[in-house]
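K.L.:
got a predicted model here, sequence first, then my questions.
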Amino acid sequence: MARMSSVDRRLELVSAALRVIAERGVAGATTRAIVAEAGMPLASFHYAFESRDEMMRELVGFVVENEAVAVFESFRFGADIRSSIHDALHAYLVAITDDPNHELVMLELMQYALRIPGLEHLAREQWVRYRVAVVELLEAAAANNGIEWSLPVDDIARIVVTFTDGITFAWLADRDLPGASRVIDFAADSLATLATPVRLKEHTA
């Protein structure tokens, strides 16, 4: 059997942890359960991660990064800003509906971290990662659609994450895809009002 690189080993263990948590919850995701799911000896976990906390942190980053990539891949640079926002939010929804277990894991990780003294930072890191990804998206939208945002980009990112949180919770609860799409329409309309065309601003200055 070919020797697995440390990067591949970490990725395989994170993927295994995602499957275990989806099936058994965070409490059931012991290091033994994770390595068993990955088909590795227990020592492999300690070669890859210093602690379960470190692995949980990487798991959060793995899921958030995948969702951010899905959004960026959908973004149609050069389209009007309303359509661009709509497509990005729709890509986020598709990522959720294609694999709802990913988001269920994220929600359980957040609740678990908030309840365990010393792990609160995991919940904080989860939402910071979301906001950072959205800030990058908003900045790319401004540069490529010729607009400026009328509010600080960090504030708009928080609004976007609030929208996506609501869309996520509602869809996980009722699985109403048309309803979620209507919320996305409203969100795109509302966020587009915060965009000011750069050319118009320069012309009227």
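P.N.:
Good, I have the coordinates.

K.L.:
what's the domain layout of the chain?
P.N.:
Following automatic domain parsing, one gets these domains for the chain: 1-49, 52-204.

K.L.:
need the ones you listed in a markdown table with mean pLDDT and mean neighbour count, can you?
P.N.:
For the C-beta atoms, the positions are set from N, CA and C on the backbone; glycine is no exception. Formatted as a markdown table, these follow (pLDDT from 0 to 100; neighbours: other C-beta atoms under 10 Å):
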| stretch | mean pLDDT | mean neighbour count |
| --- | --- | --- |
| domain 1-49 | 89 | 16 |
| domain 52-204 | 86 | 16 |
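
K.L.:
which residues sit against stretch 97-117?
P.N.:
For stretch 97-117, the external contacting residues (C-beta atoms under 8 Å, 6 or more residues apart in numbering) are 18, 21-22, 25-27, 56, 59-60, 63-64, 66-67, 95-96, 119-123, 126-127, 168, 171-172, 177.

K.L.:
so which residue is dead centre in this protein?
P.N.:
Nearest to the mean C-alpha position of the chain, by C-alpha atoms, centre = their mean, lies residue 64 at 3.2 Å.

K.L.:
pretty sure it is in a helix, no?
P.N.:
Yes. Residue 64 forms part of a helix when assessed by DSSP: H, G, I helix; E, B strand; the rest coil.

K.L.:
now do the SS call for the nearest residue to it once chain neighbours are set aside.
P.N.:
Using C-beta to C-beta, 6 or more residues apart in numbering and skipping the chain neighbours, the partner closest in space to residue 64 is residue 129 (4.4 Å). Under three-state DSSP, the three-state class of residue 129 is helix.

K.L.:
list the residues that contact residue 129.
P.N.:
Residue 129 neighbours (C-beta under 8 Å, 6+ apart): 60-61, 64-65.

K.L.:
now those residues as CSV including distance to residue 181?
P.N.:
Formatted as CSV, the contacts of residue 129 follow (distance: C-beta to C-beta, whole Å):
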residue, distance to residue 181
60, 27
61, 29
64, 23
65, 25
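
K.L.:
what's the closest of those residues to residue 133?
P.N.:
Distance to residue 133, by C-beta to C-beta, is smallest for residue 64 among the contacts of residue 129, at 6.7 Å.

K.L.:
what sits against that closest one?
P.N.:
106, 126, 129-130, 133.

K.L.:
need the contact list for the nearest residue to residue 60 once chain neighbours are set aside.
P.N.:
Spatial nearest neighbour of residue 60, chain neighbours left out: residue 126 (5.0 Å); criterion: C-beta to C-beta, 6+ apart. Contacts of residue 126 were listed using C-beta under 8 Å, 6+ apart, and they are 60, 64, 106, 109-110, 113.

K.L.:
hmm, which two among those are most spread apart?
P.N.:
Using C-beta to C-beta, the contacts of residue 126 reach their maximum pairwise distance at 64 and 113, which is 14.0 Å.

K.L.:
how about the strands in the protein?
P.N.:
For the chain, strands defined by DSSP state E occupy the ranges 147-149, 195-197.
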